[in-house]
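*Asks:* I would like the atomic coordinates for the input below:
(4 chains, ligands or ions: 4)
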2 protein chains.
Amino acid sequence: MHKEIEILDAFIRSKGLRRTPQRKKILSVFLSTEKHVSTQELHRLVRKKFRNIGYTTVYRTIRILLQSGLCREIDIGDGTSRYEHHYNHRHHDHLICIKCNRLIEVMDPRIERMQEKMAKERGFRPTAHRLEIFGLCRECI
Amino acid sequence: MHKEIEILDAFIRSKGLRRTPQRKKILSVFLSTEKHVSTQELHRLVRKKFRNIGYTTVYRTIRILLQSGLCREIDIGDGTSRYEHHYNHRHHDHLICIKCNRLIEVMDPRIERMQEKMAKERGFRPTAHRLEIFGLCRECI
DNA sequence: GTATTATTGAAAACGATTTTCAATAATTAA
DNA sequence: TTAATTATTGAAAATCGTTTTCAATAATAC
Ligand SMILES: [Zn+2]
Ligand SMILES: [Zn+2]
Ligand SMILES: [Zn+2]
Ligand SMILES: [Zn+2]
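*Replies:* Numbers count the residues shown, from 1 in each chain, chains lettered A, B, ... in the order given. Ligands and ions are numbered 1, 2, ... in the order given. So this is what the prediction gives:
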């Protein structure tokens, strides 16, 4: 939390924005869950701990967390964006169970390297990627 | 077009649906473009050639093309689904240029195999996947 | 031809996201 | 500390792609 608050404050200062209790509270709740939350879910969690924080403020704070590198957006293809920790969290991809919606985080450096190589061979300079594998998890097979 | 119309008709028969001129026209326009079109874009193309075909009919026909395996849905993460040919088109992934929005189709069997292997090693039974690599294309670097 | 039932298309509903705006609060300068 | 400045808040409304509704129409079966 310490380091993350510092990053947020640095970002806020660098953009001429303002430190507010809401932003600090929303960040603390975001960091307190390891789930991949939507803005609505995050708002619900925030309301549990702190009253009177509006959905719009949560939405806008997530934008700031994205820009400051504290948060990563995930799109599992159901029309709702989800968000997870990004600072100090390694890049990873997701296995998504089509039955129970479980998200399993995976990372294989060999696959990552091959993706990068394939893109470069085609004259493309990759900056980011997203790999999602859909199927059935161990419990749902 | 021949083969695809047959597939559509077979699907329609198998589900107790009805052959309509709209469905045939929409399929023919869909097949006539190699772009990755949204429903709106496809509707615009359809209207150019055939008047009086409503957006909803295009939307619903795309659903049927998806179910019958003639069409594949692509999600490049901008909130709008796009659709491309699926029949007789190999599975592939996409390089997406973040500057000019160009979509480059790519396929590397080694990467595909490694993805499958990685998922299975984690007790997961993969049924589909989506890989998108974002970056700059040759022209935009 | 008639009866049955799917299809069409305009309009409305939907749901997530984004914007608006007046009141409020954080920061800066006096 | 106070006043001035300007970003922030949050409820409500707007937006936008998608999906449903429903009455009129058209495809199929008999
Ligand atoms: Zn599962
Ligand atoms: Zn994750
Ligand atoms: Zn480009
Ligand atoms: Zn493609």
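
*Asks:* Go through stretch A:110-120 and flag the buried ones.
*Replies:* Residues A:111, A:114-116, A:118-119 are the ones in stretch A:110-120 that count as buried (16 or more other Cβ atoms under 10 Å in any protein chain shown). (Each C-beta comes from the backbone N, C-alpha and C, glycine too.)

*Asks:* sorry, that was for stretch A:122-141
*Replies:* Buried residues in stretch A:122-141, counted by 16+ other Cβ under 10 Å: A:124, A:126, A:129-137.

*Asks:* before we move on, back to that, would you convert the buried residues of stretch A:110-120 into TSV that also reports secondary structure, distance to A:Leu95 and pLDDT?
*Replies:* Shown next, in TSV, are these (DSSP: H, G, I helix; E, B strand; the rest coil; distance: Cβ to Cβ, whole Å; pLDDT from 0 to 100):
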residue	secondary structure	distance to A:Leu95	pLDDT
A:Ile111	helix	13	96
A:Met114	helix	18	96
A:Gln115	helix	17	97
A:Glu116	helix	21	96
A:Met118	helix	21	97
A:Ala119	helix	22	97
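
*Asks:* Let me know the closest of these to ligand 1.
*Replies:* Closest to ligand 1 out of these is A:Ile111 (22.2 Å), distances taken as Cβ to the ion.

*Asks:* list the contacts for that closest one?
*Replies:* By Cβ atoms under 8 Å, 6 or more residues apart in numbering or on different chains, A:Ile111 lies in contact with A:131, B:111, B:114-115, B:118.

*Asks:* For B:Arg110, see how far away it is.
*Replies:* According to Cβ to Cβ, to the nearest Å, A:Ile111 stands 9 Å off from B:Arg110.

*Asks:* same question, A:Thr33
*Replies:* Taking Cβ to Cβ, one finds A:Thr33 at 37 Å from B:Arg110.

*Asks:* Up against DNA strand C, what does chain A have?
*Replies:* A:18-21, A:38-40, A:56, A:59-60, A:79-81 (Cβ under 7 Å from any atom of the strand).

*Asks:* Single out whichever of these has the smallest pLDDT.
*Replies:* Ranked by pLDDT, these bottom out at A:Gly79 (89).

*Asks:* Make sure that one is indeed in a strand.
*Replies:* No. Under DSSP: H, G, I helix; E, B strand; the rest coil, A:Gly79 falls outside any strand and is assigned coil.

*Asks:* so which strand or helix has A:Asn88?
*Replies:* Under DSSP states H and E, no helix or strand contains A:Asn88.

*Asks:* That one: what's it in contact with?
*Replies:* Neighbour list for A:Asn88: A:Lys3 [criterion: Cβ under 8 Å, 6+ apart].

*Asks:* what stretches of chain A score poorly on pLDDT?
*Replies:* A:1 (pLDDT under 70).

*Asks:* And the helices in it?
*Replies:* For chain A, the helices defined by DSSP state H occupy A:2-14, A:21-32, A:39-49, A:55-67, A:109-121.

*Asks:* For ligand 4, find the nearest of the ones you listed.
*Replies:* helix A:109-121 (15.1 Å).
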